[in-house]
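Trainee: Fold the following, please.
(one chain, ligands or ions: 1)
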Amino acid sequence: MPIEFAARLRRMPVYPLAAGYDLGADVAMMASNECCFAPLPEVVEAARRTLGGAHRYPDPSYFPLRRALADRYGIPPGRIALGNGSCDILLAAGQALLEPGAELVYAWPAFSVYRQLAAASEARAIEVPLDDEDRHDLDAMATEVTVATRLLLICNPNNPTSTAVSLEEVEGLLRRVPSHVCVILDEAYCEFALTLGDTYASLDLLRKYPNLVLLRTFSKVYGLASLRAGYALGGAEDFRVAVDQVRQPFYLNAAAQAAAVEALRHQDEVERRVTEAIASRLDLEDRLRALGLWVARSDANFIWLHLPEEVEEADVVAALLERGVLVRAGTALGREGALRVTVGTDDENARFAEALEASLASLTASGTKRGR
Ligand SMILES: Cc1ncc(COP(=O)(O)O)c(C=O)c1O
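Mentor: Residues are numbered from 1 along each chain as shown. Prediction:
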């Protein structure tokens, strides 16, 4: 007899992992919204220095990183949760807040891990469709809040659609949500978002709303995706206490912590990356719109586009891969007939734009579209 697993396992979606990491150096990796800039040598060195002490568990207070974030954002260290990537904190939040009979509200399509929170806890997920511009419909989300709601998630800018809502709009929603509902503002890409002003702007909301949590990561602009470090800033201490209670104590390795502390010291580099990524993104958006494609108004380091009706999404993704470019198909992310493309280096962006133009031309000419 095979092992009998929990029934909820069958309801848990399998995270749509990007294929292609084994394809070799000649593929433009534009599928996972990472940063195309390698970590600075000082950051690599900080991580390397910890390896000689790898026989010891990491300091479970994670004080250096907690202190560095507290100093940067003017938040008491006790209100800062850390994690093995921000995903780790997200999943812990689900464990700490949700249970059968509880509800969580989020937009869809949004970050694919949100779906896992309901399935893992047997809470009810309310998925609120995005508006016509593929932005969060915060009004519609507010009307879905009930006495059973425990968690409301706003992905800003939204993965996969790249769009952002203003903090005034977010505050409009916060005013309508009862204070016992935890609101997580997932700001994995906030450094790139001109709509938000700067990375301090949403901290004003934390001072007013103790039920708010800002979820952030070192995986994107800080370029540390493979080391796995994320953090959450809470409007009160209770969120940090709860997520720490449901997890194993050693959730952040020493190398990741040291690299994150060092990376925070190089804000000039963060600004340089943001400026470069936004300039490249605008160029790429122009090229794609010139092909007649609908491109969402991006506020992130990636682009979301709708494909023409005549072509099949999977064929486009395959044709791009044949031309050495890896992107994400919309279906895996919640919407059929779309692509999500991470802004890469100038060479990668040019390669993608040329490959897409050629792929669309050949697929349209061959009329391979199957019926939907
Ligand atoms: C919106 C959003 N939130 C959270 C994450 C998780 O990032 P990490 O676990 O690498 O910090 C991602 C990763 O792609 C994301 O897109």
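
Trainee: any idea how far whichever residue of the chain sits closest to the ligand is from A314?
Mentor: With Cβ to the nearest ligand atom, the shortest gap between the chain and the ligand falls at G85, namely 2.6 Å. C-betas here are computed from N, CA, C, even on glycine. Separation of G85 from A314 (Cβ to Cβ, to the nearest Å): 29 Å.

Trainee: which of those two has more neighbours?
Mentor: Neighbours per residue (other Cβ atoms under 10 Å) separate G85 from A314, with G85 holding more: 21 against 12.

Trainee: Now that one. Its backbone dihedrals?
Mentor: phi 80, psi 160 (degrees, to the nearest 10).

Trainee: continuing past the helix or strand harbouring L9, what's the next helix or strand?
Mentor: For L9, the host element (DSSP states H and E) is helix 8-11. Using DSSP H and E, the next helix or strand after helix 8-11 towards the C-terminus is strand 28-29.

Trainee: Residues of the chain that sit close to the ligand?
Mentor: When proximity is defined as Cβ under 6 Å from any ligand atom, the chain approaches the ligand at 33, 85-87, 111, 155, 159, 186, 188, 217, 219, 225, 230.

Trainee: Identify the farthest-apart pair in the residues you listed.
Mentor: Largest separation among the residues of the chain next to the ligand by Cβ to Cβ: C155 and A225, giving 17.6 Å.

Trainee: Settle it for me: which of those two has more neighbours?
Mentor: A direct count of neighbours by other Cβ under 10 Å for C155 and A225 places C155 higher, at 25 against 17.

Trainee: wait, what's in contact with that one?
Mentor: 106-107, 110-111, 114, 136, 186, 188 (Cβ atoms under 8 Å, 6 or more residues apart in numbering).

Trainee: buried subset of these?
Mentor: Among these, those classed as buried by 16 or more other Cβ atoms under 10 Å are 106-107, 110-111, 114, 136, 186, 188.

Trainee: pLDDT for the residues you listed - can I get that in TSV?
Mentor: Below are these laid out as TSV (pLDDT from 0 to 100):
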residue	pLDDT
Y106	98
A107	98
A110	98
F111	97
Y114	97
H136	98
D186	98
A188	98
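
Trainee: Which of those residues sits closest to F63?
Mentor: A188 (24.2 Å).

Trainee: ok, and the closest non-adjacent residue to the closest one?
Mentor: T217 (4.9 Å; Cβ to Cβ, 6 or more residues apart in numbering).

Trainee: what about that neighbour, neighbour count?
Mentor: Using other Cβ under 10 Å, T217 has 26 other residues around it.

Trainee: How about N211?
Mentor: N211: 19 neighbours (other Cβ under 10 Å).

Trainee: what about the strands in the stretch 1-150 of the chain?
Mentor: Along the stretch 1-150 of the chain, the stretches classed as strands by DSSP state E, counting those that start in this stretch are 28-29, 80-83, 103-108, 124-129, 149-155.

Trainee: where among those is the average confidence lowest?
Mentor: Among these, strand 28-29 has the lowest mean pLDDT, at a mean of 94.

Trainee: which residues does L326 bridge with?
Mentor: M29 (DSSP bridges).

Trainee: hang on, isn't it packed against D22?
Mentor: No - using Cβ atoms under 8 Å as the test, L326 is too far from D22 to be in contact (10.9 Å).

Trainee: more crowded one of those two?
Mentor: L326 (21 against 6).

Trainee: Look up how far Y189 lies from the more buried one.
Mentor: 19 Å.

Trainee: picking up where we left off before, out of the strands of the stretch 1-150 of the chain, which is closest to T331?
Mentor: Nearest of the strands of the stretch 1-150 of the chain to T331, taken as Cβ to Cβ: strand 103-108 at 13.3 Å.

Trainee: and that closest one with strand 149-155, angle?
Mentor: 20 degrees (axes from the mean of the first three to the mean of the last three Cα atoms, to 10 degrees).

Trainee: what angle sits between strand 103-108 and strand 124-129?
Mentor: Going by the same axes, to 10 degrees, strand 103-108 makes 30 degrees with strand 124-129.
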